[in-house]
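Asks: Structure for the following, please:
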Amino acid sequence: MAATEARIAPASRSIEPVARVAGLTKRYPPAVTALDDVSFTVQPGEFVAVLGPSGAGKTTLFRCLTGLTRPDRGTVAVVGRDIWQSPRELRSARRQLALIFQQFNLIRRLSALENVLVGRLAHVPTWRVILRCFTRSDRQLALGCLDTVGLVERAGTRADELSGGQQQRVAIARALAQNAKIILADEPVASLDPESSATVLASLRSAVSTGVTVVASLHQVHLARAYADRIVALRDGRIVADAAASRLDARTIEQIYERNGERSES
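Replies: Residues are numbered from 1 along each chain as shown. This next block holds a predicted model:
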């Protein structure tokens, strides 16, 4: 699917952001500053690409967003909940987050449909997941999620018989089945070929069309421009750009990458 065909107008914006990062700072001993006073908001139905060279702080940012790493200073709010206010708030916020990784983290011997149904774990009794005994409504939901990413015809195929791009699309469908407000995708196309990368990002755009918010870290500038609504760029732990993807110009790209001795795929 061509990038121009994949772009879908984002859902209408809400006054209340679905995620808010304010003054986020994280240091590691002896003298590494991974994040330095990082602040931005994400609106419902928005596709935000996080760009930056290796070591810019993208991974630390994602770990702070998911509550896996506690910042030294600053706050992270998900759907209005400060995730560090209490363990209860963190648990509630995590229900609104779905994670997608570079490694697909599928259960290889299960079918695509069964892997998507694993995403229902927070909504159904654990025994149903263990025994793979799901209700008709859950199965219909899972099939709908596979249809969103263009894989409903592969519902019965084992995960280890799918290509890398197809497996990543199943992971996106599983995230949709969680009924989360935000999908956080950490380098979701880093291990894929260009055609598969485009298909996966088109699937994330399809997820946005359902009202889900997507925040994805990417290395490829041209893909961020083609599929994201907005780009937040990090360098040395600081935000150096936060603008509509269409406004990312060559000078900004150079500011993000060239001074670090890297070249981006523009």
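Asks: Could you pull out the strands in the protein for me?
Replies: 19-28, 32-42, 47-51, 73-78, 81-82, 97-100, 182-186, 213-217, 230-235, 238-244 (DSSP state E).
Asks: Name the residues that touch the last one?
Replies: When contacts are taken as CB atoms under 8 Å, 6 or more residues apart in numbering, the neighbours of strand 238-244 outside the stretch itself are 36-40, 51, 229-234, 248, 252, 255-256. For glycine as for every other residue, the C-beta is placed from the backbone atoms N, C-alpha and C.
Asks: from those, which is closest to residue 140?
Replies: residue 229 (30.0 Å; CB to CB).
Asks: Compute the number of surrounding residues for that closest one.
Replies: 20 (other CB atoms under 10 Å).
Asks: Sort out which residues of stretch 198-214 are buried, please.
Replies: Applying a neighbour-count criterion of 16 or more other CB atoms under 10 Å, the buried positions in stretch 198-214 are 198-208, 212-214.
Asks: May I ask you to confirm that residue 22 is in contact with residue 75?
Replies: Yes. Between residue 22 and residue 75 there is a contact at 5.0 Å, judged by CB atoms under 8 Å.
Asks: picking up where we left off before, turn the buried residues of stretch 198-214 into CSV, including distance to residue 16 and pLDDT.
Replies: Rendered in CSV, the data for these read as follows (distance: CB to CB, whole Å; pLDDT from 0 to 100):
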residue, distance to residue 16, pLDDT
198, 32, 93
199, 33, 93
200, 29, 94
201, 27, 95
202, 28, 94
203, 27, 93
204, 23, 94
205, 23, 93
206, 24, 91
207, 20, 90
208, 18, 93
212, 16, 92
213, 12, 95
214, 18, 96
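Asks: Dump those into CSV; add distance to residue 44 as well.
Replies: Formatted as CSV, the entries for the buried residues of stretch 198-214 read as follows, by distance: CB to CB, whole Å:
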residue, distance to residue 44
198, 25
199, 25
200, 22
201, 20
202, 20
203, 19
204, 15
205, 15
206, 16
207, 13
208, 10
212, 9
213, 6
214, 11
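Asks: Of those residues, which is the nearest to residue 103?
Replies: Closest approach between the buried residues of stretch 198-214 and residue 103, by CB to CB: residue 200, at 13.6 Å.
Asks: Which residue, other than its chain neighbours, is closest to that closest one?
Replies: Nearest non-adjacent residue to residue 200, counting by CB to CB, 6 or more residues apart in numbering: residue 168, 4.8 Å away.
Asks: Please determine how far the one you found is located from residue 146.
Replies: Between residue 168 and residue 146 the distance is 13 Å, computed by CB to CB, to the nearest Å.
Asks: More neighbours: which of those two?
Replies: More crowded of residue 168 and residue 146, by other CB under 10 Å: residue 168, with 30 against 25.
Asks: Surely that one and residue 104 touch.
Replies: Yes. Residue 168 is in contact with residue 104 according to CB under 8 Å; the separation is 5.5 Å.
Asks: Make sure residue 176 is actually in contact with residue 148.
Replies: Yes. With the criterion set as CB under 8 Å, residue 176 and residue 148 qualify as a contacting pair; they are 6.2 Å apart.
Asks: Neighbour count for the two, which is higher?
Replies: The neighbour count for residue 176 versus residue 148, taken as other CB under 10 Å, is higher for residue 176 (25 against 19).
Asks: tell me the contacts of the more buried one?
Replies: Each residue near residue 176 by CB under 8 Å, 6+ apart is listed here: 98, 119, 145, 148, 149, 183, 207, 210, 212.
Asks: For the stretch 51-200 of the chain, give me the ranges with low pLDDT.
Replies: Judged against pLDDT under 70, the low-scoring parts of the stretch 51-200 of the chain cover residues 122-131.
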